[in-house]
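> pasting the structure only:
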């Protein structure tokens, strides 16, 4: 189960939305109403922690021949 953050959609201007967490399966559709109160809600999209690989990975140094634009862009990578 995944924990999602939801917030209420206030119907009165100036009222702050209330946030809460809810556990759902990743295949479940986002809720549109608060399960207890019936208020309209929306799922909050937030940043994750990302994935980290194990070990050290180095990418090759860019060369003039591997640069996507060559000398035409003026970035100086071609030469």
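Arrived safely, thanks for sending. As the structure is a prediction and not an experimental result, all values here were calculated from the model.

> Report the contact partners of residue 16.
residue 10 (CB atoms under 8 Å, 6 or more residues apart in numbering). No exception for glycine: its C-beta is placed from N, CA and C like everyone else's.

> Run through the strands of the chain in chain order.
In the chain, the strands defined using DSSP state E lie at 2-8, 19-24, 41-44.

> So for residue 54, which of these sits nearest?
Residue 54 lies closest to strand 2-8 among those, at 23.6 Å (CB to CB).

> thinking again about what came up before, dump the strands of the chain into JSON lines; add distance to residue 53, mean neighbour count and mean pLDDT as well.
Listed next are the strands of the chain as JSON lines, based on distance: least, CB to CB, whole Å; neighbours: other CB atoms under 10 Å; pLDDT from 0 to 100:
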{"stretch": "strand 2-8", "distance to residue 53": "22", "mean neighbour count": "15", "mean pLDDT": "95"}
{"stretch": "strand 19-24", "distance to residue 53": "28", "mean neighbour count": "12", "mean pLDDT": "94"}
{"stretch": "strand 41-44", "distance to residue 53": "28", "mean neighbour count": "16", "mean pLDDT": "96"}
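
> That'll do, ta.
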